[in-house]
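Colleague: One predicted model, sequence on top.
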Amino acid sequence: MLNTFQQAPHAALPKATADEAARQEFAKSFKGFIQSTLLPGLTPVYQGRAARSFEKQHGRPPVDRRDIRAAMVPDPYFQHYAAANRIAQELLWESVIGSVDRQLPELLESAKALSASASAALEIPEGFEPPRYVTALDIHCMPGGYCTQVCADDIAVGALYDRGVYLYAMGYTGPDNDDMGRSVVNYVKRNMPDFKPRRILDMGCTVGHSTLPYKELFPDAEVWGIDVGAPVVRYAHARAAAMGQDVNFAQMNAENTTFPDGHFDLVVSHILLHETSGKAMPRIFEEAYRVLAPGGLMIHADLPPFDLMDPFTQFILDNETWYNNEPFWGAMRDLDQVALAERAGFARADVRFDTAPMAVMEFAAAADGYSQEASEHVAEREFTAGEFAPGGGWEVLIARKPAKTAMAA
Ligand SMILES: C[S@@+](CC[C@H](N)C(=O)[O-])C[C@H]1O[C@@H](n2cnc3c(N)ncnc32)[C@H](O)[C@@H]1O
């Protein structure tokens, strides 16, 4: 059982009183209960009655996720599940907001002091406008989203995200909330042992959870995290300093960065793409291609495309689009990402999907008293395309820029 991690404290993280901690633990456990107890009940409800009433009504069985949704939405069990899920989501943020508000003056002060102690860059340009697809609604119901600032040097939504996402993931992303980044770096190190990136860019870094493992595991590299939200970037810089990591952060749009052509050897993102838009995603691929040096790698970790999974799983995942303020969640999974990468300049033969085994699985196997050999086995086991965390690995889209571009040749 992986859900045993407690979040590791650091100097920028809000501290919880006993009451706040109890409320937060309840929010996390409630989510866990829904996942482990209510969610599995959807399959028998679908097979036992919802699919049959759909067939009776339409004269044919449901065939795709839209049909399955039409069959399930009128069912009281599904309504109960969907409502509980939404309540749990709102509750988890609420359980953290009071805690952040209570200690905001101290959190602002400590973030400022931590940032001032860092030698790495923090760039927040004047007059930067975040894109509307980020500001138009509170994505995954997080009040204030990633960009809201109500005072000078605000970091509140960064602090809210740091603690809230730990509860959201129910501990599955490890004590430092960094499993995605750690898993992708492990994947790169295992599969491309000769690849030694000198400069690394993490697009859509939020508070730097996934960014820091790149510096930890490639200590000689210059690492940058960029995000459109000023408060999350400020918090990321303070958090990195608190954790003793020399990582640069900037408020910047991944569609159009200020980095020179060919500047990076590795451009990564982690669950960024599904929070963008149909217009932004191709631009992000083009920008990644532009800032990559010849031979460099672009890796986007996100949930897998719909065509890699069965319609019932598609239906389950697509509930995020309908009930969790994730408007691009489903649409992004229908896009042909390999074709998008090709349009951005990558050769089709150099683009593929794979699964990066979750680093916490290896950690848990080791912590459970398994031998080193057994925990390595977890890392080496064959993952099925379409498998997704928790329980498996992170889906990664990998594209390599040709070693010599037409311009460079
Ligand atoms: C789900 S969070 C990413 C989490 C983070 N990568 C991690 O691993 O912890 C998505 C982030 O992408 C950012 N974002 C969305 N569109 C962006 C863009 N065009 N350029 C840069 N950041 C963007 C949002 O502000 C948000 O912080």
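Modeller: Nice, I can see it.

Colleague: ok, which residues in the stretch 151-300 of the chain are in contact with the ligand?
Modeller: Contact residues (C-beta under 6 Å from any ligand atom) of the stretch 151-300 of the chain with the ligand: 180, 203-206, 209-210, 226-229, 232, 253-255, 270-272, 275-276, 280. Backbone N, C-alpha and C define where each C-beta goes, glycine included.

Colleague: Separate out the buried members of the residues you listed.
Modeller: When those are checked for burial by 16 or more other C-beta atoms under 10 Å, the buried set is 180, 203-206, 209-210, 226-229, 232, 253-255, 270, 272, 275-276, 280.

Colleague: what about Arg352, which helix or strand?
Modeller: Using DSSP states H and E, Arg352 falls within strand 351-357.

Colleague: mind listing what's buried in stretch 273-291?
Modeller: Across stretch 273-291, burial judged by 16+ other C-beta under 10 Å covers 273-277, 280-291.

Colleague: Which members of these occur in helices, if any?
Modeller: Using DSSP state H, the members of these that fall in helices are 280-291.

Colleague: Please identify which of those residues is nearest to Ala349.
Modeller: Among these, Tyr289 lies closest to Ala349 (C-beta to C-beta), at 15.4 Å.

Colleague: quick one, what contacts the closest one?
Modeller: Tyr289 makes contact with 298, 344-346, 401, according to C-beta atoms under 8 Å, 6 or more residues apart in numbering.

Colleague: Could you export those residues to CSV, including columns for neighbour count, pLDDT and secondary structure?
Modeller: Formatted as CSV, the contacts of Tyr289 follow (neighbours: other C-beta atoms under 10 Å; pLDDT from 0 to 100; DSSP: H, G, I helix; E, B strand; the rest coil):
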residue, neighbour count, pLDDT, secondary structure
Met298, 28, 98, strand
Ala344, 21, 98, helix
Gly345, 17, 98, coil
Phe346, 22, 98, coil
Lys401, 25, 98, coil
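
Colleague: low-scoring stretches of this protein, by residue?
Modeller: 1-4, 363-392, 405-409 (pLDDT under 70).

Colleague: who's in contact with the residue nearest the centre of it?
Modeller: The C-alpha lying nearest the average C-alpha coordinate of the chain belongs to Ile271 (C-alpha atoms, centre = their mean; 3.3 Å). When contacts are counted by C-beta under 8 Å, 6+ apart, Ile271 is found next to 180, 204, 301-303.

Colleague: Mind checking which of these land in helices?
Modeller: Using DSSP H, those in helices are Met180.

Colleague: Just the closest of the contacts of Ile271 to the ligand, please.
Modeller: Gly204 (3.0 Å; C-beta to the nearest ligand atom).

Colleague: what's the residue lying closest to the closest one once chain neighbours are set aside in contact with, if anything?
Modeller: Leaving aside its sequence neighbours, Gly204 sits nearest to Leu272 (C-beta to C-beta, 6 or more residues apart in numbering; 3.0 Å). Leu272 sits next to 203-204, 254, 284, 300, 302 when contact means C-beta under 8 Å, 6+ apart.

Colleague: what about 10 Å?
Modeller: Listed by C-beta atoms under 10 Å, 6 or more residues apart in numbering, the contact set of Leu272 reads 202-206, 210, 227, 254, 280-281, 284, 300-302.

Colleague: what do you get for Ser183?
Modeller: 173-174, 210, 213, 270, 301, 355-362, 379, 389, 393-394, 396.
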